[in-house]
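Chemist: Dropping the sequence and predicted coords here.
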Amino acid sequence: MTVHIGAKPGDIAETVLMPGDPYRAKWAAETFLEGAELVNEVRGMLGFTGTWRGNRVTIQGSGMGMPSLSIYANELMTEYGAQTLIRIGSCGGMQSHVGIRDVIIAMTASTITSPSSGIFREMNYAPCADWGLLRAAVTAAEKLEAKTHVGGIYSSDVFYAERPDLDEQMVRHGILGVEMEAAELYTLAARHKRRALAVLTVSDHLQTGEALPSEDREKSFGDMVEIALEAAFA
Ligand SMILES: O=P(O)(O)O[C@H]1O[C@H](CO)[C@@H](O)[C@H]1O
Ligand SMILES: O=c1cc[nH]c(=O)[nH]1
């Protein structure tokens, strides 16, 4: 047990999928895993371990934002030995060719600031995905025929942003979507020599204003879960 995860040693698999939403963790475990058992409910941040095609997998909620993700990812890596961590999240689309429900596989994640910013000081560190996972996820997405985009995303500290000038620069520089955790996950994975990737589904669009309801964000993003599982065990 750690401060924030109640699982016993050995209850957490080496492969961990991390949605922000703990109820998405429950839905994904019930939908995709066999023999899924609840391994964590501290603070309601649900985690389940089961198997997928015979491979052990944990699906653990991360909460919203990099400080929350950082707590769970740190404990999973350093206390439970997690080796492969794949975020399965929702995001806001930023480019006109990126549609609602499209999948984004994040090659890099830009930030203004993250829990790791204090370490880098003046360095503009570029958090990036594990190449093997990224390649395998793209192959899986092609097999599924999911409408998928691969490229850079933005990890924000705020959901209710008030920087239209920044949005304009991100659109101009090809950022595909905005979410709130991937940059810190990639940074922690690099620090601890683990593999990380973020596979996202577009839940709303910053240009069109379209937005899916919370129930869809919790229970209907199956393609990204399948892509993440295929990539983890490719
Ligand atoms: O759907 P999840 O995985 O929580 O991801 C996105 O949704 C939350 C904001 O609504 C943030 O956590 C953001 O990154
Ligand atoms: O962080 C997020 C997640 C989904 N949609 C957004 O616009 N931002």
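Modeler: Noted; the coordinates are in hand. Ligands and ions are numbered 1, 2, ... in the order given.

Chemist: going forward, measure contacts and count neighbours with C-alpha atoms only.
Modeler: OK.

Chemist: in the chain, which helix or strand is least confident?
Modeler: Lowest by mean pLDDT, DSSP states H and E among the helices and strands of the chain is helix 214-219, with a mean of 88.

Chemist: Is there proximity between the helix or strand harbouring E168 and ligand 2?
Modeler: Counting by DSSP states H and E, the element that carries E168 is helix 164-172. No - using CA under 6 Å from any ligand atom, helix 164-172 never reaches ligand 2; the gap is at least 11.1 Å.

Chemist: Please identify the buried residues of that helix?
Modeler: 167, 170-171 (16 or more other CA atoms under 10 Å).

Chemist: Which other helices and strands does the helix or strand following the least confident helix or strand of the chain contact?
Modeler: Later in the chain than helix 214-219, the nearest helix or strand by DSSP H and E is helix 222-232. With contacts taken as 3 or more CA pairs under 8 Å, 6 or more residues apart in numbering; DSSP states H and E, helix 222-232 sits against helix 22-32, strand 84-93, helix 131-144, strand 195-205.

Chemist: Quick one: closest of the ones you listed to ligand 1.
Modeler: strand 84-93 (3.3 Å; CA to the nearest ligand atom).

Chemist: Show the secondary-structure elements that the closest one is packed against.
Modeler: strand 15-18, strand 177-179, strand 195-205, helix 222-232.

Chemist: what would these look like in TSV with mean neighbour count, distance to ligand 2 and mean pLDDT?
Modeler: Below are these laid out as TSV (neighbours: other CA atoms under 10 Å; distance: least, CA to the nearest ligand atom, whole Å; pLDDT from 0 to 100):
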stretch	mean neighbour count	distance to ligand 2	mean pLDDT
strand 15-18	28	14	98
strand 177-179	27	3	98
strand 195-205	27	6	98
helix 222-232	23	15	97
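
Chemist: To A126, which of these lies closest?
Modeler: strand 195-205 (14.0 Å; CA to CA).

Chemist: Against G50, how distant is Q169?
Modeler: 42 Å (CA to CA, to the nearest Å).

Chemist: Next up, phi/psi of A189, please.
Modeler: phi -60, psi -40 (degrees, to the nearest 10).

Chemist: wait, what's in contact with it?
Modeler: 195-196 (CA atoms under 8 Å, 6 or more residues apart in numbering).

Chemist: Kindly provide the distance from the residue minimising distance to the centre of the chain to ligand 2.
Modeler: The centre of the chain sits closest to R87, judged by CA atoms, centre = their mean, with a distance of 2.0 Å. Taking CA to the nearest ligand atom, to the nearest Å as the measure, R87 falls 13 Å from ligand 2.

Chemist: before we move on, back to that, could you dump the helices and strands packed on helix 222-232 into JSON lines and include distance to R43?
Modeler: Formatted as JSON lines, the helices and strands packed on helix 222-232 follow (distance: least, CA to CA, whole Å):
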{"stretch": "helix 22-32", "distance to R43": "10"}
{"stretch": "strand 84-93", "distance to R43": "20"}
{"stretch": "helix 131-144", "distance to R43": "30"}
{"stretch": "strand 195-205", "distance to R43": "24"}
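
Chemist: show me the contacts for G99.
Modeler: Contacts of G99 by CA under 8 Å, 6+ apart are 93, 202, 205.

Chemist: bridging residues for the residue lying closest to the last one once chain neighbours are set aside?
Modeler: Nearest residue to H205, sequence neighbours excluded (CA to CA, 6 or more residues apart in numbering): G93, at 4.5 Å. Each beta-bridge partner of G93 is listed here: G177, H205, as defined by DSSP bridges.

Chemist: Fine by me, thanks again.
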